[in-house]
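Peer 1: below is the structure, and that's it, no one-letter string:
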């Protein structure tokens, strides 16, 4: 899965140290559910083989081949043709430059075309303005909120639920 800026690659065990550093950076994980956890290198080395067996991928810069983050599908259901999608860019030098959007689009295109998905859902917190803007641009629609579902930085926040259907994704993609 190759785009103009990045490509999605299998996750390698050698990436464990870099991924662990990303996941222990509170600035990186502030918008993720994992923010309340500390991950050791040992734990990450145990987790990665499980991730690799699922539909999870490394996000890699096309020019430099630097590992930028991870994206993937959770709760993939082939019978009902749905799943939840997640992504993070751990390398802060790449924030706000469209890498997350491109990685998300590459993964979704793969999901709709090759995994035969019909509906993809995601969750995010209402203070994740960059994520919300990106997901709306891709074509996600808000389907609900869990009010005051999380405490982060001593502030209550809503958890927003969004989803997208395959035809909505390709319609939004034609506009960009």
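Peer 2: Cool, got the structure. Note that the structure is a prediction, hence the values are computed from the model and not measured.

Peer 1: only C-alpha atoms for contact and neighbour calcs from this point on.
Peer 2: OK.

Peer 1: which parts of the helix or strand bottoming out on mean pLDDT in the chain are buried?
Peer 2: Ranking every helix and strand in the chain by mean pLDDT, DSSP states H and E puts helix 41-53 at the bottom, with a mean of 80. The neighbour-count check on helix 41-53 (16 or more other C-alpha atoms under 10 Å) flags 44-45, 48, 51-52 as buried.

Peer 1: what's the answer for stretch 121-136, then?
Peer 2: 121-127, 131-132, 134-135.

Peer 1: again with stretch 49-67
Peer 2: 51-52, 55-61, 67.

Peer 1: ok, which stretches of this protein are helices?
Peer 2: 16-23, 26-29, 41-53, 99-114, 129-138, 166-175 (DSSP state H).

Peer 1: now these as a markdown table including distance to residue 151?
Peer 2: Formatted as a markdown table, the helices of the chain follow (distance: least, C-alpha to C-alpha, whole Å):
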| stretch | distance to residue 151 |
| --- | --- |
| helix 16-23 | 19 |
| helix 26-29 | 14 |
| helix 41-53 | 25 |
| helix 99-114 | 25 |
| helix 129-138 | 16 |
| helix 166-175 | 32 |
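
Peer 1: hey, least reliable of these by pLDDT?
Peer 2: Of all the helices of the chain, helix 41-53 carries the lowest average pLDDT, namely a mean of 80.
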